[in-house]
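J.: my questions concern the predicted model and sequence given below.
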Amino acid sequence: MLYKLEGIVIRSMDYGEGNKIITLCTEHGGKVGILVRGAKKPKSRHGALAQPFTYGQYVFFRNTGLGTLNAGELIESHHGLREDIFKAAYASYACELLDRVLQDEDTGAFWFRQLKACLEALESGKDPQVIVNIYELKVLQAAGYAPQLEECISCGRPCAQDEPQEWISTALGGVLCRACKHFDPAAASVTPRTMKLLRLFARLDLTRLGNVDVSESTRDEIKGVMRRFMDAQLGMQLKSRNFLDQLDKYEFQ
């Protein structure tokens with residue numbers, strides 16, 4: 001059966017001497033695996049369509065399982081992401097996270113738009129750490145592990161906006177009020193600015209993201225909170241995140 005879908009390459013792997021197998025996040029067909037014959041050859045007419053982060057239109061045959069590319073059209077190459085090692089690392093993390101967390105039936109128009117917006121924001125030069133943290137919150141929400149940030153995870157009391165500090169329990173999955181803090185002695189204390197931004201990020205749609213100005217200290221605190229949430233709720237070892245950690249160490253040496 002012949003299919004024609006728009007999609008973004010979230011994974012690309014060599015297959016045989018000259019071929020590649022790509023995984024697409026598509027707008028209307030979930031995740032799709034496609035064999036691209038000859039993609040590794042220098043003069044391949046389909047080589048660009050098999051590059052990571054590429055957004056294109058793909059025409060392929062598939063009965064069951066893996067499809068075979070017949071034709072395609074490049075819509076956005078995102079070569080700017082691949083040419084910058086830091087942008088490429090963040091983009092790879094966004095793609096691997098989606099690929100690992102969401103099942104085929106979970107991906108659709110919403111996730112296609114979120115990933116597309118994420119890659120566009122990264123390529124445009126917006127703060128990659130902020131972009132990825134918002135994206136991580138969207139992934140947690142889609143996977144059913146959204147942190148409770150508006151009210152105490154223990155007693156349900158609405159969080160006061162004028163508290164000088166609040167506590168987040170990644171083990172319990174949300175904020176704790178002062179009276180319930182003892183339920184998790186390991187709960188992390190966070191500043192009001194960090195909590196305000198986390199609540200904003202949870203409500204944001206990446207497709208509507210403007211410029212978000214975040215200080216270095218707040219960005220580091222948000223990164224720490226999100227790292228603990230991702231580890232506690234998903235517990236996945238991602239190669240792309242390990243590479244990001246190595247780049248962080250290199251950047252600040």
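T.: Looks like it arrived, so ask away. Computed from a predicted structure; not experimentally measured.
J.: all strands of the stretch 51-200 of the chain, in order?
T.: Taking DSSP state E, counting those that start in this stretch as the criterion, the stretch 51-200 of the chain contains strands spanning 55-61, 67-76, 166-169, 174-176, 188-190.
J.: just the pLDDT for the closest residue to Asn211 other than its chain neighbours.
T.: Nearest residue to Asn211, sequence neighbours excluded (C-beta to C-beta, 6 or more residues apart in numbering): Lys126, at 7.1 Å. C-beta here means a position set from N, CA and C on the backbone, and glycine is covered the same way. At Lys126, the pLDDT value in this model is 92.
J.: then Ala188?
T.: pLDDT recorded at Ala188 is 90.
J.: likewise Gln161?
T.: Turning to Gln161, the model gives it a pLDDT of 68.
J.: so which bits of the strand ranked longest in the chain are buried?
T.: When the chain is parsed with DSSP state E, its longest strand is strand 2-15. Neighbour-count burial for strand 2-15 flags 3, 5-12, 15 (criterion: 16 or more other C-beta atoms under 10 Å).
J.: against which helices or strands is the helix or strand that comes right after it packed?
T.: Moving toward the C-terminus from strand 2-15, the next helix or strand (DSSP states H and E) is strand 19-26. If you count contacts as 3 or more C-beta pairs under 8 Å, 6 or more residues apart in numbering; DSSP states H and E, strand 19-26 packs onto strand 2-15, strand 31-36, helix 85-101, helix 109-124.
J.: distance from stretch 142-154 to the middle of the chain?
T.: Offset of stretch 142-154 from its chain centre (C-alpha atoms, centre = their mean, to the nearest Å): 19 Å.
J.: now do it, average pLDDT.
T.: Summarised as a single mean, pLDDT over stretch 142-154 is 90.
J.: and for stretch 198-218?
T.: When pLDDT is averaged along stretch 198-218, the result is 87.
J.: contact partners of it?
T.: Residues outside stretch 198-218 that contact it (C-beta atoms under 8 Å, 6 or more residues apart in numbering): 113-114, 116-118, 121, 126-127, 130-131, 133-135, 137-138, 141, 146-147, 149-150, 190-191, 193-194, 197, 222, 225.
J.: can you flag the buried ones in those?
T.: Buried members of the contacts of stretch 198-218, scored by 16+ other C-beta under 10 Å, are 114, 116-118, 121, 126, 130-131, 133-135, 137-138, 146-147, 149, 190, 194, 197, 222, 225.
J.: touching, Glu6 and Thr26? I think so.
T.: Yes: using C-beta atoms under 8 Å, Glu6 is in contact with Thr26, at 6.4 Å.
J.: inside helices: which ones of the buried ones among the contacts of stretch 198-218?
T.: Among the buried ones among the contacts of stretch 198-218, the members found in helices (DSSP state H) are 114, 116-118, 121, 130-131, 133-135, 137-138, 194, 197, 222, 225.
J.: closest to Lys239 among the residues you listed?
T.: Closest approach to Lys239 among these (C-beta to C-beta): Tyr135, at 17.4 Å.
J.: give me every residue that touches that closest one.
T.: 94, 97, 114, 118, 206.
J.: what sits closest to the last one if chain neighbours are left out?
T.: In this structure, Leu206 finds its nearest non-sequential neighbour in Ala117, 3.9 Å apart by C-beta to C-beta, 6+ apart.
J.: the inter-axis angle of the longest strand of the chain versus strand 67-76?
T.: 90 degrees (axes from the mean of the first three to the mean of the last three C-alpha atoms, to 10 degrees).
J.: bridging residues for the nearest residue to Lys181 once chain neighbours are set aside?
T.: Sequence neighbours aside, Trp167 is the residue nearest to Lys181 in space, at 5.1 Å (criterion: C-beta to C-beta, 6+ apart). Beta-bridge partners for Trp167, by DSSP bridges, are Leu176, Ser189.
J.: mind listing what Trp167 touches?
T.: 175-176, 178, 181, 184, 187-190.
J.: make a markdown table out of the helices and strands packed on strand 19-26 and add distance to Val59.
T.: Converted to a markdown table, those look like this (distance: least, C-beta to C-beta, whole Å):
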| stretch | distance to Val59 |
| --- | --- |
| strand 2-15 | 5 |
| strand 31-36 | 10 |
| helix 85-101 | 22 |
| helix 109-124 | 18 |
